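> Got a predicted structure here, sequence first:
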Amino acid sequence: MGKTAAPELRAYMDKKLHLLLNANRSVVGVLRGFDAFMNLHLADAHEELDDGKYDPLGVVVVRGNSIVSLEALEPIDA
């Protein structure tokens, strides 16, 4: 088997991100780390609920295969 290349997410480190997950779940947090499978380590995370409220999560790891989209909520250095 070939070697898996790590995703190019270094520019997103220590930036606030909005993740859309499968099952239409939404999580916002600060990216602290990632791996070759795009598992993301987020700090200060919270889940955005349908009624406009949010549920604090703290530090979480989001599995890469559950991420549908990723959006930076802060400017990214080029």
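Great, that's in hand. Numbering: from 1, shown residues only.
> CA atoms for contacts and neighbours, from now on please.
Will do.
> low-scoring stretches of the chain, by residue?
Under the criterion pLDDT under 70, the flagged ranges of the chain are 1-2, 4, 6, 78.
> Start from the N-terminal end of it and give the strands.
Under the criterion DSSP state E, the chain contains strands at 16-21, 25-34, 40-48, 54-62, 67-72.
> can you dump the C-alpha coordinates of the third one into PDB?
Listed in PDB are the C-alpha atoms of strand 40-48, where the atom choice follows Å, rounded to 0.1, in the frame of the first residue of the first chain:
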ATOM      1  CA  LEU A  40      -8.900  17.400  13.400                       C
ATOM      2  CA  HIS A  41      -8.100  18.400  17.000                       C
ATOM      3  CA  LEU A  42     -10.200  21.400  18.000                       C
ATOM      4  CA  ALA A  43     -10.000  23.500  21.100                       C
ATOM      5  CA  ASP A  44     -12.700  25.800  22.500                       C
ATOM      6  CA  ALA A  45     -15.200  23.900  20.400                       C
ATOM      7  CA  HIS A  46     -19.000  24.100  20.400                       C
ATOM      8  CA  GLU A  47     -21.800  22.500  18.500                       C
ATOM      9  CA  GLU A  48     -24.200  24.900  16.800                       C
END
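> So what are the sheet partners of that strand and their directions?
Partner strands for strand 40-48, per DSSP bridges, with pairing direction: strand 25-34 (antiparallel), strand 54-62 (antiparallel).
> Likewise for the last one?
Strand 67-72 has the following sheet partners, assigned by DSSP bridges: strand 16-21 (antiparallel).
> The strand it pairs with: how far from the chain's middle?
Going by CA atoms, centre = their mean, to the nearest Å, the spacing between the C-alpha centre of strand 16-21 and its chain's C-alpha centre is 5 Å.
> Need the CA coordinates for that strand. PDB is fine.
What follows is strand 16-21 as a C-alpha-only set of coordinates in PDB (Å, rounded to 0.1, in the frame of the first residue of the first chain):
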ATOM      1  CA  LYS A  16     -11.200  29.400  14.200                       C
ATOM      2  CA  LEU A  17     -13.000  27.000  11.800                       C
ATOM      3  CA  HIS A  18     -16.600  26.000  11.100                       C
ATOM      4  CA  LEU A  19     -17.000  22.300  10.200                       C
ATOM      5  CA  LEU A  20     -20.100  20.900   8.700                       C
ATOM      6  CA  LEU A  21     -20.400  17.200   9.600                       C
END
